[in-house]
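Asks: Using only what follows, build the 3D model:
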Amino acid sequence: MYVDGVAILARGIAARGPAGIVFANLDLRVEPGALAVVAGPAGTGRTSLLLALSGRLPLITGYLDVSGHVLPAQAKAVRQLILPARLRPGYELENKHRVREAIMERRLISGVSERSIDAALDKVRIAPDRTALIDELHPAERLLLAVALTVAAEPAGILVDDVDAGLPMSARAQVWAGLREVTRTGMTVLASATDPPSGDVELIPLPAREPDRPTKVLDLQEEVTR
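Replies: Numbering: from 1, shown residues only. Modelled structure (predicted):
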């Protein structure tokens with residue numbers, strides 16, 4: 001398996017949620033095939049940023065380009081490039097399904113083959129009991145199963161929210177190792193965590209640093225002419 005991962009460029013982006021501004025004045029660059037980790041305490045907009053970078057939350061200002069697709073105008077194309085493996089709340093495996101049922105459902109929805117799913121499970125180094133309930137799996141194995149089911153469709157990028165939530169250190173290491181294996185296919189991994197891993201990650205810290213002067217909003221024409 002090899003895919004062309006997404007590249008992301010953002011300048012001065014901001015987004016608003018029901019309770020107000022969730023992040024603002026944020027600049028970032030993510031290279032194709034990177035493990036990019038949005039890191040910060042709860043309430044700093046980690047999930048909202050993942051949603052925005054994947055075309056699922058509109059920006060109120062700033063410039064955002066995902067592999068040549070400028071948001072918000074081309075958000076639909078970006079949503080097809082970047083698929084969620086886990087986003088909280090609302091996008092997780094159903095705990096009362098059995099592993100085999102989750103696999104069958106993903107095959108029906110995504111049209112992926114059993115062989116592709118087996119290869120993705122091998123990639124993240126798990127072999128879950130297919131008769132077990134999702135809720136019976138270890139949290140690390142449950143998360144990596146969600147990752148594998150998404151990777152099997154070979155998107156250009158995946159979203160993995162709250163990687164370290166509820167995991168002991170040894171289990172966190174297992175999950176981060178699995179995500180690094182995914183990036184070796186060329187796929188871009190956009191993750192969020194309270195405590196990011198060390199090493200070869202592209203760190204996106206939140207809350208965003210306040211700029212020394214007001215951030216200028218870049219429009220598409222200005223970006224093209226640079």
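Asks: okay, CA-based contacts and neighbour counts for the rest of this
Replies: OK.
Asks: right, and residue 9 touches residue 68 too?
Replies: No - counting by C-alpha atoms under 8 Å, residue 68 is not a contact partner of residue 9; they are 9.4 Å apart.
Asks: quick one: which of these two has more around it?
Replies: residue 9 (17 against 13; other C-alpha atoms under 10 Å).
Asks: in what helix or strand does the more buried one lie?
Replies: Using DSSP states H and E, residue 9 falls within strand 8-17.
Asks: Can you name every helix or strand that that strand contacts?
Replies: strand 20-30, helix 46-53, strand 61-66 (3 or more C-alpha pairs under 8 Å, 6 or more residues apart in numbering; DSSP states H and E).
Asks: if we go to 6 Å?
Replies: When contacts are defined as 3 or more C-alpha pairs under 6 Å, 6 or more residues apart in numbering; DSSP states H and E, strand 8-17 packs onto strand 20-30, strand 61-66.
Asks: I'd like to know which of those is closest to residue 180.
Replies: strand 20-30 (14.9 Å; C-alpha to C-alpha).
Asks: Report the mean per-residue pLDDT for the closest one.
Replies: For strand 20-30, mean pLDDT rounds to 94.
Asks: That strand: partners in the sheet, and parallel or antiparallel?
Replies: The pairing partners recorded for strand 20-30 under DSSP bridges are strand 8-17 (antiparallel).
Asks: buried sites along the strand it pairs with?
Replies: Neighbour counts over strand 8-17 (16 or more other C-alpha atoms under 10 Å) mark 8-16 as buried.
Asks: try stretch 24-31
Replies: Using 16+ other C-alpha under 10 Å as the test for burial, stretch 24-31 gives 24-27, 29-30.
Asks: where exactly do the strands run in this protein?
Replies: Remark: strands assigned in the chain by DSSP state E are 8-17, 20-30, 35-39, 61-66, 69-71, 82-86, 157-160, 188-193, 202-205.
Asks: any residues touching the lengthiest helix in the chain, and which ones?
Replies: Selection of the longest helix in the chain by residue count, based on DSSP state H, yields helix 169-183. With contact meaning C-alpha atoms under 6 Å, 6 or more residues apart in numbering, helix 169-183 is reached by 33, 124, 140, 164.
Asks: any idea of the pLDDT on the last one?
Replies: In the predicted model, residue 164 carries a pLDDT score of 94.
Asks: So what's the residue count around it?
Replies: 21.
Asks: tell me the phi and psi of it?
Replies: phi -90, psi 0 (degrees, to the nearest 10).
Asks: any idea how far it is from residue 85?
Replies: According to C-alpha to C-alpha, to the nearest Å, residue 164 stands 14 Å off from residue 85.
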